[in-house]
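1. I need the structure of the sequence given here:
(one chain, ligands or ions: 2)
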Amino acid sequence: MYHLKTFNAIASEGLERFDKANYSINESDNPDGIILRSQNLNDYDFPKSVLAVARAGAGTNNVPVTQCAENGIVVFNTPGANANAVKELVIASLLLSVRPMIQGANWVQTLEGDDTEKQVEANKKQFAGHELYGKKLGVIGLGSIGAMVANDAYRLGMDVMGYDPHVSVDTAWSISRRVKRAKDMSEVLKECDFITIHVPLLDSTKGLISNKELAMMKEDATLLNFSRGEIVDVDAVVSAVNDGNIAGYISDFADSRLLHNDKILVLPHLGASTEEAEVNCAKMAAATLKDFLENGNIKNSVNFPTVEMRFSSPYRLTVINKNVPNMLGVISSLIAAEDINIDNMINRGRGDFAYTIVDVNETSDEKINRIIDVLTENENIIKVRAIKD
Ligand SMILES: NC(=O)c1ccc[n+]([C@@H]2O[C@H](COP(=O)([O-])OP(=O)(O)OC[C@H]3O[C@@H](n4cnc5c(N)ncnc54)[C@H](O)[C@@H]3O)[C@@H](O)[C@H]2O)c1
Ligand SMILES: O=C(O)CC[C@@H](O)C(=O)O
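-> Residues are numbered from 1 along each chain as shown. Ligands and ions are numbered 1, 2, ... in the order given. Model prediction:
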């Protein structure tokens, strides 16, 4: 029986994947796995029982990813599962920034008398706007979301420029060849009428857009942030908008300093809030967590490498270890010394950590328990698990 703990509302379509015979949800203080959305776990006291955390979403800045790796906790996310939802909200926000639809609709509701049509035609001029067609959009971060925004903005007739120094090969293939690649971010900042940010929140991206970057932007440019609040320096962007250095700011991240300003539109973190995205994320998070708990396979992790192997032996040992030389040799010799026969083995490293799966042709629970103890005693091994087929 595996025990799971959830934070936030996780779509039932995902949780249904955990059959009641083998899983309990929110019934134990010692969970094997955690599934969450935006809950901040940075100061959370993780129970020792936790083997994995699945973030039903893209950003993992709410999980202490490195600390988890040090403690042998695998952290997963759901790459691309909510990208379409965010893309649609970005496109809607671009349109809202050039067409005062909300203002016009609110004004219509204030009309009194029988001559509504006449009043509308006489006054609608105040709500005239502009078109996106032919304007230049800069996309900073060409990952799952940025690539989709770039492609669809191009289809709307925008001239699109993208910047991403680490773009993945898969994503690069999905981006229209009409999207111009900028060599550095300043090119995007200086040339574009709209700039939308789609990078993760990391130490290197905190305050990515501050006074210096805002000063490079055009006076009639609008900045959109659907990534994370901390990526844009709030005081700097409020000053830039108020001083007329940029035309406006649209953010999916509320902050009191952004409120009550006609040139700033703030949404309540709605990027991924569609039924479709919530279901996609919950299903993907559940599938990866289940495969890890039941088979020890790792896919879509943000702190461990992808390691998958077909499970066809009586027992599988999984080892989380420090990524130091000769660990494969150490692990296999310790197993051989216990007279346990290895059927299959796979090992991958990522940064300071590595993950090894060893399928063994052994049915004795006693021998398996002994090898767990032996492996765990090694100073470079962080966590060992045995999974029975
Ligand atoms: N508003 C929301 O509800 C919502 C929903 C989903 C994701 N997000 C945020 O959007 C972020 C991006 O999501 P994604 O699914 O596109 O992630 P992703 O990992 O597919 O793409 C991120 C891209 O940013 C690039 N990047 C990293 N640092 C960069 C830099 N300094 N300059 C330019 N590019 C850089 C990476 O190379 C990568 O291609 C998430 O990390 C999350 O914080 C917000
Ligand atoms: O779960 C959500 O509502 C937001 C998720 C989003 O911020 C993400 O990073 O995927």
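2. quick one: the helices in the stretch 251-389 of the chain?
-> Secondary structure of the stretch 251-389 of the chain (DSSP state H, counting those that start in this stretch): helices at 275-295, 327-337, 365-377.
3. which stretches of this structure have low pLDDT?
-> The model of the chain has no residue with pLDDT under 70.
4. contacting residues around the residue of it found nearest ligand 1?
-> Residue nearest to ligand 1 within the chain (Cβ to the nearest ligand atom): Gly143, separated by 1.6 Å. From N, CA and C alone the C-beta is placed, and that goes for glycine too. By Cβ atoms under 8 Å, 6 or more residues apart in numbering, the contact set of Gly143 is Asp164, Val167, Ser168, Thr171, His198, Val199.
5. tell me the one among those residues nearest to Asp352.
-> Here the nearest of the contacts of Gly143 to Asp352, counting by Cβ to Cβ, is Ser168; it sits at 21.7 Å.
6. flag every residue of the stretch 1-150 of the chain that's near ligand 1.
-> Selection of the stretch 1-150 of the chain residues close to ligand 1 by Cβ under 6 Å from any ligand atom yields 57-59, 79, 82-83, 86, 140-146.
7. secondary structure and distance to ligand 2 added to those, as CSV?
-> Converted to CSV, those look like this (DSSP: H, G, I helix; E, B strand; the rest coil; distance: Cβ to the nearest ligand atom, whole Å):
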residue, secondary structure, distance to ligand 2
Gly57, coil, 3
Ala58, coil, 4
Gly59, coil, 3
Pro79, coil, 10
Asn82, coil, 5
Ala83, helix, 9
Val86, helix, 8
Ile140, strand, 16
Gly141, coil, 13
Leu142, coil, 17
Gly143, coil, 11
Ser144, helix, 10
Ile145, helix, 9
Gly146, helix, 13
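8. for PyMOL, what selects the buried ones among those?
-> Entered in PyMOL, the line below selects the buried ones among those, by 16 or more other Cβ atoms under 10 Å:
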select buried, resi 57+58+59+79+82+83+86+140+141+142+143+144+145+146
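9. mind giving me CSV with the residues of the stretch 1-150 of the chain next to ligand 1 and columns for distance to Asn303?
-> Formatted as CSV, those follow (distance: Cβ to Cβ, whole Å):
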residue, distance to Asn303
Gly57, 16
Ala58, 15
Gly59, 14
Pro79, 14
Asn82, 20
Ala83, 21
Val86, 23
Ile140, 25
Gly141, 20
Leu142, 23
Gly143, 18
Ser144, 19
Ile145, 21
Gly146, 23
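10. ok, Pro47 to Leu41 distance?
-> Distance of Pro47 to Leu41, computed by Cβ to Cβ, to the nearest Å: 12 Å.
11. list the buried residues in stretch 318-325.
-> Neighbour counts over stretch 318-325 (16+ other Cβ under 10 Å) mark Thr318, Val319, Ile320, Asn321, Asn323 as buried.
12. mean neighbour count, the helices of the stretch 251-389 of the chain: which tops it?
-> Most buried of those by mean neighbour count (mean count of other Cβ atoms under 10 Å) is helix 275-295; its value is a mean of 21.
13. so that helix, near ligand 2 or not?
-> No - using Cβ under 6 Å from any ligand atom, helix 275-295 never reaches ligand 2; the gap is at least 6.9 Å.
14. now stretch 191-209
-> No - remark: stretch 191-209 sits outside contact range of ligand 2, by Cβ under 6 Å from any ligand atom, the gap being at least 8.3 Å.
15. between the residues of the stretch 1-150 of the chain next to ligand 1, which is closest to Leu214?
-> The closest of these to Leu214 turns out to be Ile140 (Cβ to Cβ; 13.2 Å).
16. before I go, just wanted to say thanks for your time.
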